[in-house]
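S.K.: sharing a model prediction with you, sequence too.
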Amino acid sequence: MGSMGCDWTGSVSQSSLQCTCELHTKAPSHGFSFTKKSVENAFGRKLTEIFANFEVEPLASGSFAQVH
């Protein structure tokens, strides 16, 4: 199971730790068209058929996911 914080000191170099921590907390978001296409492909349905409301702007973005 991965760590929720940046507490990997001693197991990686300081520069790697800094890069990893930044990605963990400040990952860039991707565009809504990518999100829409990904959700529709995963479920085989239109976004409007799955969700009554879906925010275009992400609430948060992390190294593995983006929250809408």
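M.R.: Alright, I've got the coordinates.
S.K.: so where do the helices sit in this protein?
M.R.: For the chain, applying DSSP state H gives helices covering 14-26, 32-43, 47-50.
S.K.: can you add mean neighbour count and give the ones you listed back as JSON lines?
M.R.: Every C-beta, even on glycine, is put in place using the N, C-alpha and C of the backbone. Below are these laid out as JSON lines (neighbours: other C-beta atoms under 10 Å):
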{"stretch": "helix 14-26", "mean neighbour count": "12"}
{"stretch": "helix 32-43", "mean neighbour count": "13"}
{"stretch": "helix 47-50", "mean neighbour count": "12"}
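S.K.: for residue 59, find the nearest of these.
M.R.: Proximity to residue 59 (C-beta to C-beta) singles out helix 32-43 among the helices of the chain, at 12.0 Å.
S.K.: got the CA positions of that closest one in CSV?
M.R.: Output of helix 32-43 as CSV, limited to C-alpha atoms (Å, rounded to 0.1, in the frame of the first residue of the first chain):
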residue,chain,number,x,y,z
PHE,A,32,-12.2,18.0,-19.6
SER,A,33,-12.4,16.4,-23.1
PHE,A,34,-10.0,13.8,-21.9
THR,A,35,-11.9,13.2,-18.7
LYS,A,36,-15.3,13.0,-20.6
LYS,A,37,-13.9,10.6,-23.2
SER,A,38,-12.3,8.4,-20.5
VAL,A,39,-15.5,8.1,-18.4
GLU,A,40,-17.6,7.4,-21.5
ASN,A,41,-15.3,4.8,-22.8
ALA,A,42,-15.0,3.1,-19.4
PHE,A,43,-18.8,2.9,-18.9
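S.K.: for it, packing partners?
M.R.: Contact partners of helix 32-43 among helices and strands, from 3 or more C-beta pairs under 8 Å, 6 or more residues apart in numbering; DSSP states H and E: helix 47-50.
S.K.: give me the residues contacting the helix it packs on.
M.R.: 36, 39, 40, 43, 54 (C-beta atoms under 8 Å, 6 or more residues apart in numbering).
S.K.: picking that back up, can you tell which of the helices of the chain is closest to residue 58?
M.R.: Taking these one by one with C-beta to C-beta, helix 32-43 is closest: 7.7 Å.
S.K.: with that, I have no additional questions.
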